[in-house]
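1. sharing a model that was predicted from the sequence below.
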Amino acid sequence: MTGIAPSTLRYYDDEGLIESVGRHGLRRQFEANVVLQLTLINMGKTAGFSLSQIKKMFNVDGKPEIDREEILAKVEDLGKQIKQLTALRDSLKHVANCPAPSHLECESFQRMVKVAHKQMVSRQSRQKQ
C-alpha cells in the first residue's frame, strides 16, 4: 500500500517510529494513520534528518509534534547545500565546456580549484574543533 519494503516497516516498528496494532499471520497490521507517519518519515529522511531526529518529531500517540526551530535550522543547512551544489554544478559545466586546450591553462578553472581548496581546508579545520 505504501511501497515501503516490509523489512523497512518491521525496522521502523522495532525502532518505535511506527506502531503495529497486531498481526495477521506473519504480517504486522497498522492503523491508517501510519501512512501519514511513513510519509513524514520519508520527507524527513529526504531532508537529511536522521531516524532518531525523526522519531522525536512524533509524540507518544504517533501524531506529529515538530520542533519549528529544528526545521528552521534544517532549512538553513539545505540552503547552504543548495548554494554549494549550484556552485559545483556550474563549475562542472564550465569544465565540460571550457575552450582552453588544457584545464590547467584556464584561469576560471584555476580560480575554482583555489576556492575549492580553501573551502576544503576550512571544512577540515572546523571538523577538528
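-> Ah, there it is.
2. buried residues, stretch 108-115. List them.
-> Neighbour counts over stretch 108-115 (16 or more other C-beta atoms under 10 Å) mark 109, 112 as buried. For every residue, glycine as well, the C-beta is placed using N, CA and C.
3. which residues are in contact with the residue most central in space within the chain?
-> A centroid search over the chain (C-alpha atoms, centre = their mean) returns residue 48, at 2.2 Å, as the residue closest to the centre. Under the criterion of C-beta atoms under 8 Å, 6 or more residues apart in numbering, the neighbours of residue 48 are 74, 77-78.
4. among those, who's most crowded?
-> Scoring those on neighbours with other C-beta atoms under 10 Å, the highest-scoring entry is residue 74 at 15 neighbours.
5. what's the helix or strand for that residue?
-> In the assignment (DSSP states H and E), residue 74 maps to helix 68-97.
6. could you pull out the buried residues of that helix?
-> residue 91.
7. helix, strand or coil for the most far-flung residue of the chain relative to its centre?
-> Relative to the centre of the chain, and counting by C-alpha atoms, centre = their mean, the farthest-placed residue is residue 101 at 38.6 Å. Three states are possible here, and by DSSP: H, G, I helix; E, B strand; the rest coil the one that applies to residue 101 is coil.
8. check what pLDDT it gets.
-> The predicted local confidence for residue 101 comes out at a pLDDT of 88.
9. now do residue 113
-> Among the per-residue scores, residue 113 shows a pLDDT of 85.
10. again with residue 12
-> Model confidence at residue 12, given as pLDDT, is 93.
11. before we move on, back to that, helix or strand right after the helix holding residue 74?
-> Tracing the chain C-terminally past helix 68-97 and defining elements by DSSP H and E, one meets helix 107-128 next.
12. what's the angle from that next one to helix 68-97?
-> Going by axes from the mean of the first three to the mean of the last three C-alpha atoms, to 10 degrees, helix 107-128 is angled at 150 degrees with respect to helix 68-97.
13. which residues are contacting helix 107-128?
-> Helix 107-128 is contacted by residues 91, 94-95, 98, 100, 103-104 when judged by C-beta under 8 Å, 6+ apart.
14. using PDB, list the CA coordinates for it.
-> Coordinates of each C-alpha in helix 107-128 appear next as PDB, following Å, rounded to 0.1, in the frame of the first residue of the first chain:
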ATOM      1  CA  GLU A 107      42.100  31.000 -15.500                       C
ATOM      2  CA  SER A 108      38.500  30.300 -14.400                       C
ATOM      3  CA  PHE A 109      39.300  26.700 -13.700                       C
ATOM      4  CA  GLN A 110      42.400  27.700 -11.700                       C
ATOM      5  CA  ARG A 111      40.200  30.100  -9.600                       C
ATOM      6  CA  MET A 112      37.600  27.400  -9.000                       C
ATOM      7  CA  VAL A 113      40.300  25.000  -7.800                       C
ATOM      8  CA  LYS A 114      41.700  27.600  -5.400                       C
ATOM      9  CA  VAL A 115      38.300  28.400  -4.000                       C
ATOM     10  CA  ALA A 116      37.500  24.600  -3.600                       C
ATOM     11  CA  HIS A 117      40.800  24.100  -1.900                       C
ATOM     12  CA  LYS A 118      40.200  26.900   0.600                       C
ATOM     13  CA  GLN A 119      36.700  25.500   1.400                       C
ATOM     14  CA  MET A 120      38.100  22.000   1.900                       C
ATOM     15  CA  VAL A 121      40.800  23.300   4.300                       C
ATOM     16  CA  SER A 122      38.200  25.400   6.200                       C
ATOM     17  CA  ARG A 123      35.800  22.500   6.500                       C
ATOM     18  CA  GLN A 124      38.600  20.200   7.800                       C
ATOM     19  CA  SER A 125      39.700  22.700  10.400                       C
ATOM     20  CA  ARG A 126      36.100  23.100  11.600                       C
ATOM     21  CA  GLN A 127      35.800  19.400  11.900                       C
ATOM     22  CA  LYS A 128      38.900  19.100  14.100                       C
END
